[in-house]
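> sharing a sequence plus its predicted fold:
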Amino acid sequence: MPDAARGDEDAQESDAARRRRRAQFLRELHEAKQLRDRVQPRRARAARMRQQMRMRTFRW
């Protein structure tokens, strides 16, 4: 019985660790996108325009 309880704790621990790693990855991804937008303003503007067009033509 104690082995099963320990397995549950390990599963929770790994789940929390996975969430922490995912949050870290998303923060770094966001930072990289901001840096790319600053370095390539024309491409960033074009991407914003494409996104706006996509949202305008989206059907609810």
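Yep, it's here. Numbering: from 1, shown residues only.

> stretch 50-60: which residues count as buried?
Within stretch 50-60, no residue counts as buried by 16 or more other CB atoms under 10 Å. Where C-beta positions appear, they are placed from N, C-alpha and C, glycine not excepted.

> that one: how far from the chain's middle?
When distances are taken as CA atoms, centre = their mean, to the nearest Å, stretch 50-60 is centred 22 Å away from the chain's centroid.

> what of stretch 21-30?
For stretch 21-30, the distance to the chain centre is 6 Å (CA atoms, centre = their mean).

> got it, and stretch 21-38?
8 Å.

> next: stretch 31-43.
In terms of CA atoms, centre = their mean, the centre of stretch 31-43 is set 17 Å apart from its chain centre.

> ranges for the strands of this structure?
Applying DSSP state E to the chain gives no strands.

> where does the prediction get shaky in it?
Residue ranges of the chain with pLDDT under 70: 1-10, 60.

> quick check, central residue of it?
Leu26 (3.5 Å; CA atoms, centre = their mean).

> relative to Gln52, how far out is that residue?
Using CB to CB, to the nearest Å, one gets 23 Å for the distance from Leu26 to Gln52.

> elements contacting the lengthiest helix in the chain?
Counting residues, the longest helix found in the chain (DSSP state H) is helix 2-39. Packing contacts for helix 2-39, counted by 3 or more CB pairs under 8 Å, 6 or more residues apart in numbering; DSSP states H and E, involve helix 41-57.

> quick one: residues in contact with the helix it packs on.
Residues from elsewhere that reach helix 41-57 (CB atoms under 8 Å, 6 or more residues apart in numbering): 36-38.

> got it, and stretch 24-39?
Taking CB under 8 Å, 6+ apart as the rule, stretch 24-39 contacts 43-44.

> flag every buried residue along that stretch.
By 16+ other CB under 10 Å, stretch 24-39 has no buried positions at all.

> count of neighbours near Ala44?
Neighbourhood size, Ala44 [other CB atoms under 10 Å]: 15.

> from Gln34, how far out is it?
9 Å.

> kindly report the same for Leu26.
13 Å.

> swap in Arg54?
Plainly put, Arg54 is 21 Å away from Gln34 if you go by CB to CB.
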